[in-house]
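Peer 1: Mind folding the following:
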Amino acid sequence: MTKSDLNACLKVFYTSARQVDGSYYKKTTMKSIRAAVDRFLRSPPNNKPFSIIGDPAFTEANSVLDALVKELRKAGKIAGLVHKKPITQEQIKMLFHNGELGPADSNDPAQLLRTVWFYLGIYLGRRGREKQRQLKPNMLVLRATAADKTYFELNREVAGSIPSTKNHQGGLDDNEDESDGKIFTQPDSKFCPVATIQNYLKHLNPQCHALFQRPKSCKSGEVWYCNCPVGESTLGNMMRSMSLRAGITPPLTNHCIRATSVIALSDAHIETRFIKSVTGHKSDQSIESYNSRPSINQQERMSTTLSQYLQPETVAAPSSSLQSQRKTAVPKDLHLESSVEMRSDNDSHTITVNKQSTHMTSGSTFNFHSCNVQIYN
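Peer 2: Have a look, this model is predicted:
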């Protein structure tokens, strides 16, 4: 197929693409589909030497896609971009309160699994379902500082513990993934993440090599989990399922966990370069994109500010005309009874004020220049 033929096919494909229910895809989805087709054509066994995104031969197809998206958006047939928002502290409390997450000494296998999964996402900044199915217990290692403070981290000495990601695909020209998150102990908390992970690890099924194992319906003895890993689909929808059971709407997604890590660290004034060591982001701009959007608490404050501005009782009453205030230099509440004597001796001026009675409720200012002033009460 020539470039010209492929260009014609792409024009038809872009304008015909629909979801299962017949509705149009969002702009971001269409761009992702185009990128996926581009990768397919350039990868083995096709190995096409051109890109359908940047090659001038496909300008017409790309222009058709651009015009289509604009027209659909203008006609209100596609929704806008929905950013993944961080999990609020109130929502985290709901997850604990409703038993989706639990304490370190939890004896509920399913709850313990969910809590460990959640902690690993928060502290190690893993996105969505990135290689979670391939994680193994020996990929987590417990270490201690010189001050004897224990912490968990991913064991880089074990192959596969630092998996390839969208940002770090592992090619010859790719930078090494420098993400280096740590999970430190919180000895004074019953929700200590280190103690939670330790509790989980000691109850795993030794015959299963996966870190995330399916809980037994009825635990017995020291082994609480089956010789069967949790499925990739279950892991990919873990946060959504948890939030729905906890009554959180709209439901959260796995990516919300990563956004939570970024926002929580940023709000604590942790430097961007240090946040990247947890999340694995390549650029500062990626981190700042999370901070460019206000949190739900900030949005609430902005809404409250606008509401207060619009409330009738907060609107000041019209002030009286300034012109009427300027008709007299003496305030209405000022009453003076005094005799004033003025004498002039050549260039030397003496002003004598014999103030017999003064009633003043507001301050007054008198300016005298090159004068000797004497005031007698």
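Peer 1: So Lys219: helix, strand or coil?
Peer 2: Assigned with DSSP: H, G, I helix; E, B strand; the rest coil, Lys219 falls in the strand class.
Peer 1: Also the one 5 residues further on?
Peer 2: Following three-state DSSP, Trp224 is assigned to strand.
Peer 1: Is it correct that it is in contact with Cys218?
Peer 2: No. Counting by C-beta atoms under 8 Å, Trp224 sits too far from Cys218 to count as a contact (9.6 Å). Bear in mind the C-beta positions are built from the backbone N, C-alpha and C, glycine included.
Peer 1: Show me which of these two is the more surrounded one.
Peer 2: Ranked by neighbour count (other C-beta atoms under 10 Å), Trp224 and Cys218 place Trp224 first, with 23 against 7.
Peer 1: separation between that one and Ile248?
Peer 2: Relative to Ile248, Trp224 is positioned 27 Å away (C-beta to C-beta, to the nearest Å).
Peer 1: For stretch 104-122, buried residues please.
Peer 2: For stretch 104-122, a neighbour-count test (16 or more other C-beta atoms under 10 Å) marks 104, 106, 109-122 as buried.
Peer 1: And those, which two are furthest apart?
Peer 2: Across the buried residues of stretch 104-122, the longest distance by C-beta to C-beta is 20.6 Å; it joins Pro109 and Ile122.
Peer 1: mind listing the helices for the stretch 101-250 of the chain?
Peer 2: Using DSSP state H, counting those that start in this stretch, the helices of the stretch 101-250 of the chain run over residues 109-124, 193-201, 232-236, 238-245.
Peer 1: Tell me which other helices or strands the longest one touches.
Peer 2: Think helix 109-124. Of the remaining helices and strands, those touching helix 109-124 by 3 or more C-beta pairs under 8 Å, 6 or more residues apart in numbering; DSSP states H and E are strand 183-184, helix 193-201, strand 213-220, strand 223-229, helix 238-245, helix 254-267.
Peer 1: Lys27 is nearest to which of those?
Peer 2: helix 254-267 (18.4 Å).
Peer 1: Average pLDDT for that closest one, rounded please.
Peer 2: For helix 254-267, mean pLDDT is 85.
Peer 1: and if you look at stretch 61-73?
Peer 2: Mean per-residue pLDDT for stretch 61-73: 94.
Peer 1: same question, stretch 143-150
Peer 2: Mean predicted confidence for stretch 143-150 is 92.
Peer 1: Which residues does it contact?
Peer 2: The contact list for stretch 143-150 (C-beta atoms under 8 Å, 6 or more residues apart in numbering) reads 142, 151-153, 184-185, 194.
Peer 1: The same query, at a cut-off of 10 Å, please.
Peer 2: 142, 151-153, 155, 182-185, 187, 192, 194-195, 198 (C-beta atoms under 10 Å, 6 or more residues apart in numbering).
Peer 1: re earlier: please name whichever of the helices of the stretch 101-250 of the chain is nearest to Ala36.
Peer 2: Closest of those to Ala36 is helix 232-236, at 18.0 Å (criterion: C-beta to C-beta).
Peer 1: buried residues in that closest one?
Peer 2: For helix 232-236, burial by neighbour count (16+ other C-beta under 10 Å) applies to 235-236.
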